[in-house]
Structure formats: structure tokens, C-alpha cells
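>>> Below is the sequence, then the predicted model.
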Amino acid sequence: MNTLAYEFSAAQRRVLDRYTAYLGSLVPTFNNIAVVFERCRASGHVPAVLASDSRLINARFNQRYLQEFWGRTEEARDLCKAYVTDLTVFTNETRDIGKSSSRSELLDRVDFKLYSLSASPTWKLFPATDVRGLIHELTLRFYSLRAVIQQLKYTIAEVHNESFGLHAVFVRAMDHRSCQCHAQPTVAQELFRETRTAPVWDVVYSSGNAAIRAAEYKADIARLFAGLASVNAQISVFLEETLLRINTAINELLKAQRVSTLRELNFQLAATQEGADEFMAMVDHLETWLRK
């Protein structure tokens with residue numbers, strides 16, 4: 001596997017962290033818009049009105065999804081490690097059994113209790129009663145792993161899809177007039193007029209001027225959304241490639257259930273192991289990158 005093709009950078013990790021922080025800052029920032037409107041009214045201006053938008057509600061949920069994403073990826077990595085280890089042990093034991101008997105030995109005549117998996121305390125459906133049953137159990141475990149990885153991909157896709165609407169809500173609010181009687185200042189400019197209403201954000205502004213700070217704030221958020229789109233796209237492709245390798249391993253195990261001899265089983269397990277080692281490396285890389 002070409003690991004360089006799937007490499008994630010520290011800069012991409014920072015984009016994910018900053019977007020998570022941005023999601024958490026939205027509600028306080030939007031709450032301060034009401035403070036801005038009241039401040040303008042108290043100064044004699046006709047107060048503006050900004051319609052609420054339901055897309056803002058999901059910001060907190062998406063923040064939580066991203067905050068929990070590493071933990072869920074760690075759980076996926078641990079599950080992957082456990083199931084790939086099950087496969088590795090089963091593969092090695094098949095090879096050893098072939099050495100002590102015959103590789104042309106019919107699978108139906110092999111004692112399934114020679115395998116460690118036969119003593120498993122847990123089963124996906126029911127305890128195996130033969131070697132094919134053990135292979136079926138391995139297959140079911142990989143199916144459950146695939147479902148976990150699919151859920152990770154779904155989470156990233158949801159955050160990505162909702163970011164488009166959220167960006168539109170943000171831009172509309174920041175460019176909204178702060179009073180009905182004047183086109184300027186905008187909401188963003190008025191937010192930065194006082195420290196107590198200024199958005200909390202990790203950017204070094206070039207000036208204390210509210211209009212300049214507002215422009216730099218909006219520009220930085222625009223760059224953040226562009227960076228997020230790139231990171232999310234790479235994570236999605238990465239997880240899709242991982243799923244392809246899991247599917248390949250599952251297909252090899254399904255073929256393994258239909259073989260007749262130990263020799264054929266050894267061949268199928270070798271192919272399965274190769275793919276399993278690849279997706280294990282990929283899940284491990286993603287978890288390491290996300291680890292805080």
C-alpha cells in the first residue's frame with residue numbers, strides 16, 4: 001500500500017480543530033447579534049431584524065460529532081485490531097494444521113476445535129460446529145467492522161453537507177445591516193465595535209478598526225470553510241478506500257467458505273490477510289492523526 005497517498009498533515013488537523021471551535025462559537029456570536037440590535041436601538045436607530053434559521057441549530061450537534069470523532073475512530077481501530085488478529089491467528093493455525101496433516105486434507109475432515117476461535121466466548125450469531133462455521137464467524141466480524149467504518153464516513157459526510165448551509169447562514173448574518181435606517185455598519189462591523197460582542201476567534205487582526213477586523217474575520221472564516229471542504233473530501237476518500245479493502249477481505253472469506261481442502265483454504269486466507277493488513281494500517285493511521 002502506498003501510504004503517502006493517504007497521508008494527513010498537521011495543517012489539516014488544525015483545520016478540523018478550528019472548524020470544531022468555530023461551530024462552538026456560533027451560538028454566542030449569534031446571541032450577540034441581538035445585543036448589537038439593542039445597542040443600535042438605544043442609540044436612536046430603527047432596530048433591524050434577523051430571521052432565525054434552523055440550520056444554525058445543527059452547529060452544536062456537528063461540533064459534538066467532531067469532538068467525538070477521534071474517540072469513535074479509536075473504537076473502530078481497536079475493533080479492527082481485534083478482528084484482524086482473529087484472522088491472523090486463524091490463518092497461522094490453518095497453515096500449522098496443514099503441516100501436521102496434509103494440505104490436501106478435506107476441510108470437512110478437519111477438527112474445528114483445533115482452532116482457537118472455536119473457544120470464543122462470544123459469537124455474532126451462534127457457536128460454530130465446523131471449520132466453515134469458524135470462517136463464517138470471521139466474515140460476520142468483518143461485516144460488523146464495515147458497518148462501524150461506514151458510520152464514520154456518514155458522520156464526515158453529514159458535517160460536510162451541512163457546512164454549505166451553515167456558511168450561507170453565517171455570511172447572511174454578518175452582512176446584514178445593523179439597523180433599518182442605515183446600510184452601514186453591517187452586523188459584523190458592529191459586533192467588533194465593542195470587545196464584549198466581538199466574536200471570540202483565534203486570528204491576529206491587523207488593526208483595531210471594527211470594519212477592518214470584521215473583514216479579516218469573515219475572510220478567515222471563508223478560508224476555513226474552503227480548508228474544511230478539502231479535509232472532509234480526503235477523509236471521505238480515505239474511508240471509502242478502507243471500505244473497499246474490507247469488502248475485498250469479506251469477499252475472500254466468502255470464497256474461503258466454499259473451498260474443499262486445506263490447501264485451497266490457505267490460499268484464500270493469504271489473500272484475505274493481505275487486504276486486512278492494509279485496512280488495519282489505514283484505520284491506525286487515521287486514528288493516530290486524529291489523536292489529541
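It's in.
>>> Near Ala128, how many other residues are there?
The local packing of Ala128 (other CB atoms under 10 Å) involves 20 other residues. Every C-beta, even on glycine, is put in place using the N, C-alpha and C of the backbone.
>>> how about it, secondary structure?
The local conformation at Ala128, judged by DSSP: H, G, I helix; E, B strand; the rest coil, is coil.
>>> Tell me, what's the model's pLDDT at the nearest residue to it once chain neighbours are set aside?
Once flanking residues are discounted, Ala128 sits nearest to Leu134: 4.7 Å by CB to CB, 6 or more residues apart in numbering. Looking at Leu134, its pLDDT reads 97.
>>> In terms of secondary structure, what does the helix or strand harbouring Leu134 contact?
Using DSSP states H and E, Leu134 maps to helix 131-174. Applying 3 or more CB pairs under 8 Å, 6 or more residues apart in numbering; DSSP states H and E, one finds that helix 131-174 contacts helix 10-42, helix 58-100, helix 187-191, helix 210-256, helix 262-290.
>>> Now do that helix: distance to the chain's middle.
Taking CA atoms, centre = their mean, to the nearest Å, the mean C-alpha location of helix 131-174 is offset from the chain mean by 7 Å.
>>> could you check the angle helix 10-42 makes with it?
If you take axes from the mean of the first three to the mean of the last three CA atoms, to 10 degrees, helix 131-174 sits at 40 degrees to helix 10-42.
>>> Just the mean pLDDT for stretch 86-95, thanks.
96.
>>> any residues touching that stretch, and which ones?
The set of residues external to stretch 86-95 that reach it, using CB atoms under 8 Å, 6 or more residues apart in numbering, is 114-117, 134-135, 138, 141, 249, 262, 265-266, 269-270, 272-273, 276.
>>> What is the neighbour count of Ile57?
Ile57: 10 neighbours (other CB under 10 Å).
>>> what angle separates the helix holding Leu134 from helix 58-100?
160 degrees.
>>> State whether Gly275 and Ala249 are indeed in contact, as I suppose.
Yes. Applying CB atoms under 8 Å, one finds Gly275 in contact with Ala249, separated by 4.3 Å.
>>> Between the two, tell me which one has more neighbours.
Legend: neighbour count by other CB under 10 Å for Gly275 and Ala249, higher for Ala249 (28 against 22).
>>> how near is that one to Tyr115?
18 Å (CB to CB, to the nearest Å).
>>> Check Ile149 too.
Counting by CB to CB, the gap from Ile149 to Tyr115 is 26 Å.
>>> Have a look at these two and say which one is more surrounded.
Neighbours of Ile149 and Tyr115, each counted by other CB under 10 Å, are more numerous for Ile149; the result is 23 against 19.
>>> so what's that one up against?
Ala76, Leu239, Thr242, Leu243, Ile246, Val283.
>>> redo that, cut-off 10 Å
73, 76, 79-80, 239-240, 242-243, 245-246, 279, 282-283, 286 (CB atoms under 10 Å, 6 or more residues apart in numbering).
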